[in-house]
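Engineer: Here's my sequence, what's the structure:
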Amino acid sequence: MILLYLVYCTVSAISDVKFAFLNLFRHKRRTLSIITAMILGGVAIFIYGGFINYSFWILKEQTVRTNVGHLQIYHQAYFDTANKSKSIIDNYAELKTNILENPELSDYIDTISGQLEFSGIVSQYEQETASYFSAIGIEPLPALKLGAFDQLITGSDLSRVQLSEVTLGSGLARTLNAQYGDWLDLLVINTQGGQGALSLKVRGIFESGIKDYDDVAIKIPLTTAQRMMDTAGVNKVVILLHNESDLAIFIDKLQHYIAQKQLPLVIKDWQSLSLFYRQVDGLLSGIYFFIKVIVALIVVFMISNALTMSIIERTREITTWRAIGLKPWHVTKLFILEGSFIGLIGGIGSLIIGFILATLINLKGIAMPPSPGQTQGYIAFIKTDSIELILVTFALPMLTASFASILPALRAAKLNIADAFKFA
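Structural biologist: Residues are numbered from 1 along each chain as shown. Prediction:
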């Protein structure tokens, strides 16, 4: 809006624009100090905003690709009972086939996989160790994408052929003193209320970075998990899309499909399932908003003070304008143009220096400590491809500078000509 106003003034009154721009150089030191402060604030917004954007992106990817996906399908009773065995999607194979054969749905899907959750006791006879475990039965091939952020410490991922092999979380492996190739005995209560037991071989040990999860986690091929739990169903169906931007459209289409088929299913997107992500989002967004407010206030007070000082120093000049016939609104426009030019220079400078500084930081990144509840740190970068971030960095100095110039400009326009000529 301010930029359009400058363009309009340039076209309709080029002399006013030239006059307002040249007035910036009448007090070079004052103008430079204001623009420098604006650029420092704009760069702070740009760098911190880019850091937050990267943090959100990496946290989102970690959440989505830790067996969560972009959305999940549950039996409608899943969230109403603590006994997950009573909320099984029995017709999983048929449901998966029908979804993949529906062109309105399948075109959006990158990966679809059923998961079966259960828990029990695991022991290693030779080491005389035992522990509680929380297992997830997964399809090995889709798991390569859905579990992409789990880092293998030793061994390999689940096999599509060797269905008697499992992978362990690093914490559980230490508790059991289990190594690659060891045999473990698993005991569970199946969906029918009976006991299920199997001896399974350790194929690999992984680390997700989330200590509480790694201390109890076991990944088992889905068919083996279904055999242990005496069911052909799953607890949930996880779907990963080609593009996250299609999530809202896909959910609408999937909900229409479920309603049309009258299936007892509910859909949950990844954000509603990730409390930690929402908490971090709220915290960092609040800090970012606070920084923008502080920078805006600093800019408003600095420019307002500078223009007020300029009005005091140029009182006789302003009244001379009025005496030769310049209208009050014209005087107001000249001072608003001055403030707008300061904001324009500050916005452009913030972007240029912000991009240069971000590029230098991204050469090595920023070593970050582990997030709360996690065991692995990460290297953070400044994400600069956000149109919103660029617009905010450019627009905030423009808007605040223009807003700050309004009150001094109105004050200049209201000067009494007769009294002002007496000003020494």
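Engineer: Can you list the buried residues in stretch 24-40?
Structural biologist: By neighbour count with 16 or more other C-beta atoms under 10 Å, stretch 24-40 contains the buried residues 24, 31, 34-35, 37-40. For glycine as for every other residue, the C-beta is placed from the backbone atoms N, C-alpha and C.
Engineer: Then stretch 185-192?
Structural biologist: Buried residues in stretch 185-192 (16+ other C-beta under 10 Å): 186, 188, 190-191.
Engineer: I'd like the list of those that fall within strands, please.
Structural biologist: 186, 188 (DSSP state E).
Engineer: Could you single out the nearest of the buried residues of stretch 185-192 to residue 103?
Structural biologist: Lowest distance from residue 103 to these (C-beta to C-beta) belongs to residue 191, with 34.0 Å.
Engineer: Domain ranges for this protein, per the record?
Structural biologist: Domain assignment for the chain, taken from automatic domain parsing, gives 2-62+277-420, 71-273.
Engineer: Can you lay out those as TSV showing mean pLDDT?
Structural biologist: Formatted as TSV, the domains of the chain follow (pLDDT from 0 to 100):
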stretch	mean pLDDT
domain 2-62+277-420	75
domain 71-273	86
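Engineer: Could you single out the nearest of the buried residues of stretch 185-192 to residue 254?
Structural biologist: Closest to residue 254, out of all of the buried residues of stretch 185-192 and judged by C-beta to C-beta, is residue 191, at 25.9 Å.
Engineer: quick one, phi psi at the closest one?
Structural biologist: Dihedral pair for residue 191: phi -70, psi -20, per degrees, to the nearest 10.
Engineer: who's in contact with it?
Structural biologist: 85, 88, 229-231 (C-beta atoms under 8 Å, 6 or more residues apart in numbering).
Engineer: Can you tell me which of those is nearest residue 396?
Structural biologist: Distances from residue 396 to the contacts of residue 191, taken by C-beta to C-beta, are shortest for residue 88, at 52.5 Å.
Engineer: That closest one: neighbour count?
Structural biologist: Residues near residue 88, counting by other C-beta atoms under 10 Å, number 21.
Engineer: quick one: the strands in the stretch 1-150 of the chain?
Structural biologist: Here the stretch 1-150 of the chain has its strands, by DSSP state E, counting those that start in this stretch, at 71-75, 109-124, 129-138.
Engineer: Give me the buried positions along stretch 207-215.
Structural biologist: So, applying 16+ other C-beta under 10 Å, buried residues of stretch 207-215: 207-211, 213-215.
Engineer: what's the most distant pair in those?
Structural biologist: 209 and 215 (12.4 Å).
Engineer: quick one: the residue positioned nearest the centre of the chain from residue 152, how far?
Structural biologist: Nearest to the geometric centre of the chain sits residue 56, at 2.6 Å (C-alpha atoms, centre = their mean). Remark: distance between residue 56 and residue 152 (C-beta to C-beta, to the nearest Å) = 26 Å.
Engineer: What of residue 289?
Structural biologist: 40 Å.
Engineer: Who has more neighbours out of those two?
Structural biologist: Comparing residue 289 with residue 152 by other C-beta under 10 Å, the one with more neighbours is residue 152, at 14 against 10.
Engineer: I figured that one hits residue 204, correct?
Structural biologist: Yes. Shown here, residue 152 and residue 204 form a contact pair, counting by C-beta atoms under 8 Å, at 5.5 Å.
Engineer: which neighbours do those two share?
Structural biologist: In contact with both residue 152 and residue 204: residue 167, using C-beta under 8 Å, 6+ apart.
Engineer: Tell me who's in contact with the nearest residue to residue 129 once chain neighbours are set aside.
Structural biologist: Sequence neighbours aside, residue 176 is the residue nearest to residue 129 in space, at 4.7 Å (criterion: C-beta to C-beta, 6 or more residues apart in numbering). Residues counted as contacts of residue 176 (C-beta under 8 Å, 6+ apart) are 122-124, 127, 129-131, 168, 184.
Engineer: if you set the cut-off to 6 Å instead, what comes out?
Structural biologist: Counting by C-beta atoms under 6 Å, 6 or more residues apart in numbering, residue 176 makes contact with 124, 129, 131.
Engineer: is the second one in a bridge, and if so with what?
Structural biologist: For residue 129, the residues forming beta bridges with it (DSSP bridges) are residue 124.
Engineer: Could you list the buried residues of stretch 59-66?
Structural biologist: Applying 16+ other C-beta under 10 Å to stretch 59-66 flags 59-60, 62-66 as buried.
Engineer: er, stretch 271-288 I mean
Structural biologist: 271, 274, 277, 280-281, 284, 288.
Engineer: Same question for stretch 248-266.
Structural biologist: Buried, per 16+ other C-beta under 10 Å, within stretch 248-266: 250-251, 253-254, 257-258, 263, 265.
Engineer: again, but for stretch 147-158
Structural biologist: Buried residues in stretch 147-158 (16+ other C-beta under 10 Å): 147, 149-150, 154-155, 157-158.
Engineer: ok, residues contacting that stretch?
Structural biologist: Counting by C-beta under 6 Å, 6+ apart, 62, 65-67, 140, 170, 180, 203-208, 221 sit against stretch 147-158.
Engineer: roughly how far is it from the heart of the chain?
Structural biologist: In terms of C-alpha atoms, centre = their mean, to the nearest Å, the centre of stretch 147-158 is set 25 Å apart from its chain centre.
Engineer: just stretch 91-103 next, same as before
Structural biologist: Centre to centre, stretch against its chain (C-alpha atoms, centre = their mean), the figure for stretch 91-103 is 31 Å.
Engineer: gap between residue 403 and residue 42?
Structural biologist: Distance from residue 403 to residue 42, by C-beta to C-beta: 15 Å.
Engineer: more crowded one of the two?
Structural biologist: Taking other C-beta under 10 Å, residue 403 and residue 42 do not tie; residue 42 has more neighbours (27 against 18).
Engineer: burial measure for the closest residue to that one other than its chain neighbours, as a count.
Structural biologist: Nearest in space to residue 42, with sequence neighbours left out and distances taken as C-beta to C-beta, 6+ apart, is residue 350 at 2.5 Å. Residue 350: 26 surrounding residues under other C-beta under 10 Å.
Engineer: mind listing what residue 350 touches?
Structural biologist: Residue 350 touches 39, 42-43, 393, counting by C-beta under 6 Å, 6+ apart.
Engineer: how about a cut-off of 7 Å?
Structural biologist: 39, 42-43, 46, 393, 397 (C-beta atoms under 7 Å, 6 or more residues apart in numbering).
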